[in-house]
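K.L.:
Here is the input, now give the coordinates:
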Amino acid sequence: GKVSFRYYIEAPSQVRLSLINTTGSVVATPVDAYQEAGAYEMSYDASNLPAGIYVYTLETNKGKETKRLVIIK
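P.N.:
Next up, the predicted model:
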C-alpha cells in the first residue's frame, strides 16, 4: 500500500510531486512545498487508490520530470 519516492533537488526550489491517473486527473499531491537542495525520500500511502497505471510528475523551478507508476493489489 505504500509507495516510496526518491529525488534530488540541485538548488533550493518550490517542489511539487503529483500522482496522475490515466484520465489526466491529479489524484494526490504528496509534496507541494519549498525545499532546500539535497536528496529526499518520502513514502505515500496509496492503499486508497485503485490498482492501475499512473504517472507521477516532479516539478521544480528548473523543470519537470514524469515517470510511470503501476499500483498492483
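
K.L.:
drop to CA atoms for contacts and neighbour counts, all remaining ones
P.N.:
Will do.

K.L.:
Which residue ranges of this protein form strands?
P.N.:
Along the chain, counting by DSSP state E, strands occupy 2-9, 13-20, 26-35, 38-45, 52-60, 63-71.

K.L.:
now these as a markdown table including mean neighbour count and mean pLDDT?
P.N.:
As requested, the strands of the chain are arranged in a markdown table below (neighbours: other Cα atoms under 10 Å; pLDDT from 0 to 100):
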| stretch | mean neighbour count | mean pLDDT |
| --- | --- | --- |
| strand 2-9 | 12 | 94 |
| strand 13-20 | 19 | 97 |
| strand 26-35 | 14 | 97 |
| strand 38-45 | 11 | 95 |
| strand 52-60 | 17 | 97 |
| strand 63-71 | 11 | 96 |
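
K.L.:
quick one, what contacts residue 27?
P.N.:
By Cα atoms under 8 Å, 6 or more residues apart in numbering, the contact set of residue 27 is 18, 19, 20, 21.

K.L.:
which among these gets closest to residue 4?
P.N.:
For the contacts of residue 27, the closest approach to residue 4 (Cα to Cα) belongs to residue 19, at 12.3 Å.

K.L.:
Please report how far the closest one lies from residue 12.
P.N.:
Distance, residue 19 to residue 12, by Cα to Cα, to the nearest Å: 22 Å.

K.L.:
Closest one of the contacts of residue 27 to residue 33?
P.N.:
Nearest to residue 33 among these is residue 18, at 12.0 Å by Cα to Cα.
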